[in-house]
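Novice: Provided below are the primary sequence and the corresponding predicted coordinates.
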Amino acid sequence: MNRPDMEKIGKRIAFLRKERGYTGEALAERLQVSPQAVSKWENAKCLPETSVLPALAEALGCSIDNLLCPREILILEAVYTDGQTQVPVTRFLNGLVRNKDISIPVNETFLGASIPGDRLKVLTIKYQTPEGIFFSYALQNQMFVLDNRTPVLKQGAVIPEGESACYGDGQSFQIIGAWYGNEKVFSSVMQKMMHYEYFNWDKIPVNQETFPSDTASDDTEYLTLVYLNKEGIHVISCPENETVCYGSHRTALYLEDHGACILKEIKMLSWGEGMDCPWAGALWAALQYMGENYSYHQIMGMSGACWRTCFTEVWDYSCTDALVAFDYATPLFRSLGYSFRMADRVEKQERKAERLAVMEDIRSGKPVLAINLRVAPEWGVITGYTEEGARFLCRTYFDREIFEKLEQAESPAEKEDRRIVFEENQGYLFTDSWPFLLIHFGDREAAPSPLETLRASLFMLAASFRGEETRGYYQGKGAYEAWIRGLARESDFRLDSDRENVLRRLCVNDSMLVSLIDARESAACYLEESAALLQEGSREHLEKIGANCRSLSGMLTAFRDKSSAAADACSLTYNTDVEFKAAVSKLGEMRREQTVLLEKALLLEEENCRLAELILEGTA
């Protein structure tokens, strides 16, 4: 075989491998060959062994002829469907391609694909030519034709009834076919769908008012829609008296289900992985699901939460919550280009309306942020609901421990729990309680420029640093001063008379250090990414703020690593007075050393505040 033909075969193997979602290693493992062998095929170094060809064709979803005799048209995926049941017919259609064209009747007898029921059936096809990847469809009892005369339609165009045409790859959302009725009697309702789309309805009820029935039909009727999005071509079928909904920011369609709805694959959350502010971490997970590719550090920076410092004299864990003393939510959502709504301490008589609002958001593909979902009052994400909204599912910072236990399940009851979590609930846990604060994503709005967002963040730096005490919570400069006073208060650290509360204060202190380190490390990362937005003089000030944040984070991290042993020592049971006195002495040394470091940190923070104000003056 000559070199050009081998290159065509190699390219086709590589393309189909990627199309099927295989890595080179995964395909090699399935075929029981080496990864080097797959690489040689794809780079036209050699052809697959004859003995491997059947398994290779099976893995790539084509025939051996399609691999070794590349044609102008390759069917990548062909599905015969009624919007519920899908019957793949890819290999069958590939066998009917005559190099540059295919012409077939679309019916169950010819395709050998039987789907029970009276819904309208549709054949959808994804195929490749030398010009690229294309999509098309045909209704049952029509002819499906592809050849060099098949027109490629532009975004917004619709295939004329009974004719053949196709669409290119990478289309934004578009409904390209709409019919109402059943397989016996149906008619196009494309004009009605275009009318309803004009009004941007979030959902379309399928009934006699929105889609008047044919007078000859006494049977159940369905709205059948064919639509394109960036993932490909899809068919959905909605029975009368049910509802079609737009999801994922109007890029997909789904049938409304009041019983359950779960948003799949929202990312895990965990402490100790560089995202130690649960509010920002929960936002990051929600935004990632929504296709908004912001980093955790960007969320911390854009919100201004990277500048927060908070302390309360009662030494409570709540002082590490991002929103307890300052509103970082408003600047963040403004910079993201979203409106938002907070539901704070919803009364029981108002819960029904709020529950329905959560369910509506979930059905629209929008996770809901909430605090106090599981274990403790920390931020997490409501990821779905079951039992008609009676139970919420969530992603929180407390999940990993439960998942690790479920992975080791041995008893039948434990294995059933594991099945429910990972199969029925898509890897999520049920919430323990009703949240006392929820944040809903609203509509898209015009977002400010990156420079405007940076300026807003620096404004937050100065505003929160000079912020006043709120409901017993000190912030910024006041928080540092109150924290230093708290460490110096000997009566709060008497192990002999108040050991339990001393240990609590040490744990809160450690959580505050973690929160401060995480915030300033995020600030340094955000400023490094933003430095190019400023002119030279202001950029130097910004780089100095970033360096101060990095220095502050570094010295507190080193201290925390050293002080952890001392904190652990205080939790031991002492057998002798000598051991106890040593622990008391070590605790005192640790507090004095931390006080010195906090005083140094405060000086850095004061310099950062002055520099931020200079930048704001210079970029006004």
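Specialist: Yes, it's here.

Novice: Just list what the longest helix along the chain packs against, helices and strands only.
Specialist: Counting residues, the longest helix found in the chain (DSSP state H) is helix 577-618. Applying 3 or more CB pairs under 8 Å, 6 or more residues apart in numbering; DSSP states H and E, we find helix 577-618 packed against helix 450-465, helix 477-488, helix 495-530, helix 536-569. The way it works is simple: take the backbone N, C-alpha and C, and place the C-beta from them, glycine included.

Novice: what about dumping the CA coordinates of stretch 46-64 to PDB?
Specialist: Only the C-alpha atoms of stretch 46-64 are listed here, as PDB (Å, rounded to 0.1, in the frame of the first residue of the first chain):
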ATOM      1  CA  CYS A  46       2.500   0.400   9.600                       C
ATOM      2  CA  LEU A  47      -1.000  -1.000   9.200                       C
ATOM      3  CA  PRO A  48      -2.800  -2.900  12.000                       C
ATOM      4  CA  GLU A  49      -2.300  -6.700  12.000                       C
ATOM      5  CA  THR A  50      -5.100  -8.600  10.200                       C
ATOM      6  CA  SER A  51      -6.000 -10.300  13.400                       C
ATOM      7  CA  VAL A  52      -6.600  -7.000  15.100                       C
ATOM      8  CA  LEU A  53      -8.800  -5.400  12.500                       C
ATOM      9  CA  PRO A  54     -12.200  -6.900  13.600                       C
ATOM     10  CA  ALA A  55     -11.700  -5.700  17.200                       C
ATOM     11  CA  LEU A  56     -10.300  -2.300  16.000                       C
ATOM     12  CA  ALA A  57     -13.300  -1.700  13.800                       C
ATOM     13  CA  GLU A  58     -15.700  -2.700  16.600                       C
ATOM     14  CA  ALA A  59     -14.000  -0.300  19.000                       C
ATOM     15  CA  LEU A  60     -14.100   2.600  16.500                       C
ATOM     16  CA  GLY A  61     -17.700   1.900  15.500                       C
ATOM     17  CA  CYS A  62     -17.200   1.200  11.800                       C
ATOM     18  CA  SER A  63     -16.500  -1.600   9.400                       C
ATOM     19  CA  ILE A  64     -13.100  -2.900   8.300                       C
END
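
Novice: What average pLDDT does it get?
Specialist: The average of the pLDDT scores along stretch 46-64 is 81.

Novice: residues making contact with that stretch?
Specialist: Identification of contacts with stretch 46-64 by CB atoms under 8 Å, 6 or more residues apart in numbering yields 1, 6, 9, 13, 16-17, 20, 22, 27, 30-31, 33, 37, 40-41, 66-68, 74-77, 90-91, 94-95.

Novice: just checking, which of the residues you listed belong to helices?
Specialist: Per DSSP H, the contacts of stretch 46-64 map to helices at 6, 9, 13, 16-17, 27, 30-31, 37, 40-41, 66-68, 90-91, 94.

Novice: Give the buried residues for stretch 382-401.
Specialist: 382-386, 389, 392-399 (16 or more other CB atoms under 10 Å).

Novice: JSON lines for the residues you listed, including pLDDT and secondary structure?
Specialist: Formatted as JSON lines, the buried residues of stretch 382-401 follow (pLDDT from 0 to 100; DSSP: H, G, I helix; E, B strand; the rest coil):
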{"residue": "382", "pLDDT": "97", "secondary structure": "strand"}
{"residue": "383", "pLDDT": "96", "secondary structure": "strand"}
{"residue": "384", "pLDDT": "94", "secondary structure": "strand"}
{"residue": "385", "pLDDT": "95", "secondary structure": "strand"}
{"residue": "386", "pLDDT": "92", "secondary structure": "strand"}
{"residue": "389", "pLDDT": "89", "secondary structure": "helix"}
{"residue": "392", "pLDDT": "95", "secondary structure": "strand"}
{"residue": "393", "pLDDT": "95", "secondary structure": "strand"}
{"residue": "394", "pLDDT": "95", "secondary structure": "strand"}
{"residue": "395", "pLDDT": "96", "secondary structure": "strand"}
{"residue": "396", "pLDDT": "95", "secondary structure": "coil"}
{"residue": "397", "pLDDT": "94", "secondary structure": "coil"}
{"residue": "398", "pLDDT": "93", "secondary structure": "coil"}
{"residue": "399", "pLDDT": "92", "secondary structure": "helix"}
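
Novice: The stretch 51-200 of the chain: strands as residue ranges?
Specialist: Using DSSP state E, counting those that start in this stretch, the strands of the stretch 51-200 of the chain run over 74-81, 86-88, 102-105, 122-129, 132-139, 143-146, 152-153, 166-168, 174-181, 186-188.

Novice: Out of those, which is closest to residue 359?
Specialist: Closest of the strands of the stretch 51-200 of the chain to residue 359 is strand 174-181, at 24.9 Å (criterion: CB to CB).

Novice: same for the closest one, what does it pack against?
Specialist: strand 132-139, strand 186-188, helix 190-198, strand 222-229.

Novice: Thanks again, I'm all set now.
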